[in-house]
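K.L.:
Below are the sequence and a predicted model; questions follow.
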2 protein chains.
Amino acid sequence: MVSPNSNTTPDLLARKLADSGLRSTPQREVVFNVLLKKRDHPTADEVYARVRQDMPTISLATVYNCLETMVQCNLVRAVNFERGPTRYCPNLRPHAHFHDEQTGATHDIDLPPNLLEKVNAVLPRGYDASSVEIIFRGKAAKNAS
Amino acid sequence: MVSPNSNTTPDLLARKLADSGLRSTPQREVVFNVLLKKRDHPTADEVYARVRQDMPTISLATVYNCLETMVQCNLVRAVNFERGPTRYCPNLRPHAHFHDEQTGATHDIDLPPNLLEKVNAVLPRGYDASSVEIIFRGKAAKNAS
DNA sequence: ACGCTTACTTAGAATAGTTCTAATTATCAG
DNA sequence: CTGATAATTAGAACTATTCTAAGTAAGCGT
């Protein structure tokens, strides 16, 4: 038998899941691959639609379960704009999000290493932030990441 | 007849509404006053509960309508954490939000004048942000604004 | 390999927050 | 005062998500 996945991602998914005492399953693999393949911040419904092309029997509940599991394992970030549907993002680098109000598209904005520290520095004493989120809203030119 | 509101807020509400071609109504006034009185980032339901003490016949739909109207007029900011209920904030200064994960409380973090510019500066060419939102998550000491 | 235990998946019901609809009421301009 | 427009209202509808309970699969000790 050929060792699985040896040529693709060196099973980040399986490793990170195992770190949390969880299993890699076919459903989790296909959901994760969908996120990696097209990094356009899809909603759960959009992930569901894409995943069904490979695995037509998967349920929407499972897609939600898988996504939530990956968020818990820090494999994926959940992103929210106002009260719109949650979007999912497999970019693990520190980054902000730019929400294009015309098109609805979401773009990752990579952050220079010191920026989050600078932002954190505005917190008065007594505040201890475990995470910072930065969201831009506006208009983006057509040529964007 | 005594001139109304001459001693309280010099009718910011009525002015800002008029700027958008809208009327000041009893419902809008009481909703706005509720927001000003206790600035704890209440949800629409919480606003509804408070408003009904002064105006028991108001409807929840009207509370939503009033809040949305005020957001449109830039009298109030809508704040969202994940997919929780929208919260409302009458603080018009540039500020970030700190979401205390233990208590669920929200605190305003005033921003130094240059910070938003610095943050904006991380945007690559082609991105034109009309607004930036900064959200901290973590733990806050008991003595907080 | 066998059974046991726990993890995972599934379909559908339930839920929360919000928005919509259609009818009523209030306000403004002439 | 009258007609037009704006605002309010109650309740239905909607959307995204979570819950429930049952079924399926996988790892583990023997």
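P.N.:
Alright, I've got the coordinates.

K.L.:
which bits of chain A sit near DNA strand C?
P.N.:
A:17, A:21-23, A:25-28, A:57-59, A:61-62, A:65-66, A:69, A:83 (CB under 7 Å from any atom of the strand). For the C-beta atoms, the positions are set from N, CA and C on the backbone; glycine is no exception.

K.L.:
So which of these sit within helices?
P.N.:
A:Leu17, A:Pro26, A:Gln27, A:Arg28, A:Ala61, A:Thr62, A:Asn65, A:Cys66, A:Thr69 (DSSP state H).

K.L.:
Let me see the contact set for the residue nearest to A:Thr106 when sequence neighbours are not counted.
P.N.:
In this structure, A:Thr106 finds its nearest non-sequential neighbour in A:His41, 4.0 Å apart by CB to CB, 6 or more residues apart in numbering or on different chains. A:His41 makes contact with A:Val79, A:Arg87, A:Tyr88, A:Cys89, A:His97, A:Ala105, A:Thr106 under the criterion CB atoms under 8 Å, 6 or more residues apart in numbering or on different chains.

K.L.:
Most widely separated two among those residues?
P.N.:
Across these, the longest distance by CB to CB is 14.6 Å; it joins A:Tyr88 and A:Ala105.

K.L.:
neighbour-wise, which of those two wins?
P.N.:
A:Tyr88 (25 against 13; other CB atoms under 10 Å in any protein chain shown).

K.L.:
Spell out the secondary structure type for the more buried one.
P.N.:
strand (DSSP: H, G, I helix; E, B strand; the rest coil).

K.L.:
which stretches of chain A form helices?
P.N.:
Using DSSP H, helices in chain A cover A:12-19, A:26-37, A:44-54, A:60-72, A:115-120.

K.L.:
Show me which residues of the last one are buried.
P.N.:
Read it as helix A:115-120. A:Leu115, A:Leu116, A:Val119 (16 or more other CB atoms under 10 Å in any protein chain shown).

K.L.:
just to revisit the earlier point, CSV for the contacts of A:His41, including distance to B:Phe32 and pLDDT?
P.N.:
Listed next are the contacts of A:His41 as CSV, based on distance: CB to CB, whole Å; pLDDT from 0 to 100:
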residue, distance to B:Phe32, pLDDT
A:Val79, 31, 98
A:Arg87, 33, 98
A:Tyr88, 37, 98
A:Cys89, 37, 98
A:His97, 31, 98
A:Ala105, 35, 96
A:Thr106, 33, 97
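
K.L.:
Closest to B:Leu123 out of the residues you listed?
P.N.:
A:His97 (11.5 Å).

K.L.:
Now for the residue of chain A found nearest DNA strand D, how many residues are close by?
P.N.:
Ranked by CB to the nearest atom of the strand, the top residue of chain A for proximity to DNA strand D is A:Thr86, at 3.2 Å. A:Thr86: 18 surrounding residues under other CB under 10 Å.

K.L.:
got a list of what it touches?
P.N.:
Counting by CB under 8 Å, 6+ apart, A:Thr86 has contacts A:Thr43, A:Ala44, A:Ala78, A:Val79, A:Asn80, B:Glu82, B:Arg83.

K.L.:
Which of those residues fall in strands?
P.N.:
A:Ala78, A:Val79 (DSSP state E).
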